[in-house]
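Here is my input, please return the structure:
(chains A and B)
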Amino acid sequence: MELEAAQALGQYAGAGLAAIGSGLAAIGVGNVAGNFLAGALRNPSAAGGQTATLFIGIAFAEALGIFAFLVSLLLMFAV
Amino acid sequence: MAEDAHAEGGLTFHPMDQFMIKPLFGEYGDPVHWYTVTNLTLWMALAVLCVLGLFVFATRGRAVVPGRGQSVAELAYGFVYKMVEDVTGKDAIRYFPYIFTLFLFILFANFLALIPTSFSTTSHIGVTAVLGFGVFFAVTILGFVKNGASFLGLFWVTSAPLVLRPILALIEVISYFVRPVSHSIRLAGNIMAGHAVLKVFAGFAAITAIAPVSVLAIVAIYGLEVLVAGIQAYVFTILTCVYLRDALHPSH
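Below you'll find the model as predicted:
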């Protein structure tokens, strides 16, 4: 195979593979939110004070998905 | 990059075209110097003007019974004030103006970016990196000024067994230096991804068969983006508060 074609193929395949990371981050964010809801329904009076923790957790989980998205963007447009 | 995609892709415009920085009086590709006024400059200035409008002109009356503008300003002030107090502690209130400024700028930049045909400033890593690294340097310097060398105790987890401490210290140091990167990329990535998705669906609207579905999807995603704009400003601010707490009270 020619080198350019192989590079293009690798670029697109890599970008697609990196996009899997975004889906995995979605699982992580769902996990955080779901567990928060499960805990909040057991003890609703304590839930209000924990929303900040919830958002911090979501932000950390989401950041890694954004990294994966960034990798796929870099592969598509910057490499 | 965009030209290639035009040739290959079926879309009538490229979803990443909206993020191109171009001089305000000129075409894309004209030289951009540090003094060149670009569309990025314009929309950042507009965000600052909006903050000024809300917090200087709308609250000018200082009425006991607040009007509409003053109510919004007081709500935002109270919201961030309580956040700083809860997350960082009472002694961090003196840093509240910096945190509040960050929050307002990001919030208004995010919301202005949602106006159709506007330019999303916070989708550029160059913009958010300045904010993120600003927080990083401010917090690090503050930590050393306030605590001296004992600030390094942040990396030395005394509650862990002695054997594990060097390994934990390495992990803590790495995670500390990744902070500004993730802090800035989180904001830029979220906004960029959201706006790119909007434009992708806008491109689908050109195909007659799926145009109604695509328009409905744009409405739904736009609603989501309004939510994301607020949440990302909130997340950026609350992480700043968390980093500041680490700097003021480095012991675990």
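
ok and the residue in chain A nearest chain B?
With Cβ to the nearest Cβ as the measure, residue A:66 is the residue of chain A nearest to chain B, at 3.5 Å. From N, CA and C alone the C-beta is placed, and that goes for glycine too.

Tell me the helices and strands packed up against the longest helix along chain B.
Looking across chain B with DSSP state H, the single longest helix is helix B:165-204. Helices and strands touching helix B:165-204, by 3 or more Cβ pairs under 8 Å, 6 or more residues apart in numbering or on different chains; DSSP states H and E, are helix A:51-73, helix B:96-113, helix B:125-147, helix B:211-248.

if you compare those helices, which one is most tucked away?
Ranked by mean neighbour count, these are led by helix B:96-113 with a mean of 21 (mean count of other Cβ atoms under 10 Å in any protein chain shown).

residues in contact with the nearest residue to residue B:192 once chain neighbours are set aside?
For residue B:192, ignoring the flanking residues on the chain, the nearest one in space by Cβ to Cβ, 6 or more residues apart in numbering or on different chains is residue B:123 at 4.0 Å. Contact analysis of residue B:123 by Cβ atoms under 8 Å, 6 or more residues apart in numbering or on different chains lists B:19, B:113, B:188, B:191, B:192, B:195.

how close does residue B:123 get to chain A?
11 Å (Cβ to the nearest Cβ, to the nearest Å).

which stretches of chain A aren't confidently modelled?
For chain A, applying pLDDT under 70 flags the ranges A:1.

could you redo the last one with a cut-off of 90?
Within chain A, the ranges that satisfy pLDDT under 90 run A:1-8, A:10, A:19, A:22, A:46-53, A:55-79.

that older thread, ok, now which ones touch the residue of chain A closest to chain B?
A:25, B:185, B:186, B:189, B:190, B:193.

Apply 7 Å and report the result again.
When contacts are counted by Cβ atoms under 7 Å, 6 or more residues apart in numbering or on different chains, residue A:66 touches B:185, B:186, B:189, B:190.

try residue A:67
By Cβ under 7 Å, 6+ apart, the neighbours of residue A:67 are residue B:185.

In three-state terms, label residue 35 for me.
Just going to use chain A. For residue A:35, the assignment made with DSSP: H, G, I helix; E, B strand; the rest coil gives helix.

Can you look at chain B instead?
From three-state DSSP, the assignment for residue B:35 is coil.

The one 5 residues further on too?
Remark: residue B:40 carries the secondary structure label helix [criterion: three-state DSSP].

ok, back up a step: now the contacts of residue B:123 in JSON lines, with pLDDT?
Formatted as JSON lines, these follow (pLDDT from 0 to 100):
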{"residue": "B:19", "pLDDT": "87"}
{"residue": "B:113", "pLDDT": "93"}
{"residue": "B:188", "pLDDT": "92"}
{"residue": "B:191", "pLDDT": "92"}
{"residue": "B:192", "pLDDT": "90"}
{"residue": "B:195", "pLDDT": "91"}
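
and which of these is nearest residue B:245?
Ranked by distance to residue B:245 (Cβ to Cβ), the contacts of residue B:123 are led by residue B:188 at 24.2 Å.

of the contacts of residue A:66, closest to chain A?
When these are ranked by distance to chain A (Cβ to the nearest Cβ), residue B:189 comes first, at 3.5 Å.

Return the residues of chain A in contact with chain B.
With the criterion set to Cβ under 7 Å from any Cβ of the partner chain, chain A comes near chain B through A:52, A:55, A:56, A:59, A:62, A:63, A:66, A:67, A:69, A:70, A:77.

Next one: the first one relative to residue B:44, how far apart?
Spelled out, that is residue A:52. Here residue A:52 is placed at a distance of 28 Å from residue B:44 (Cβ to Cβ, to the nearest Å).

Top of the contacts of residue B:123 by number of neighbours, please.
Using other Cβ atoms under 10 Å in any protein chain shown as the neighbour criterion, residue B:191 leads those with 27 neighbours.

For that residue, give its distance to chain A.
10 Å.

in terms of contact, does that residue touch residue B:119 like I think?
No. Residue B:191 lies out of contact with residue B:119 (Cβ atoms under 7 Å); the separation is 11.3 Å.

Quickly list what's touching both of these two.
Both residue B:191 and residue B:119 are contacted by residue B:113, under the criterion Cβ under 7 Å, 6+ apart.

mind checking the SS state of residue 27?
By default, I'm working from chain A. helix.

I was thinking of chain B, sorry if that wasn't clear
Relying on three-state DSSP, one would call residue B:27 coil.

Dihedrals phi and psi, it?
Dihedral angles phi and psi of residue B:27 (degrees, to the nearest 10) take the values phi -110, psi 170.

Could you report the separation of it from chain A?
21 Å.

Now do the contacts for the nearest residue to residue B:147 once chain neighbours are set aside.
Distance criterion Cβ to Cβ, 6+ apart; nearest residue to residue B:147, sequence neighbours excluded, is residue B:250 at 5.7 Å. Applying Cβ under 7 Å, 6+ apart to residue B:250 gives the contacts B:143, B:147, B:150, B:151, B:153, B:154.
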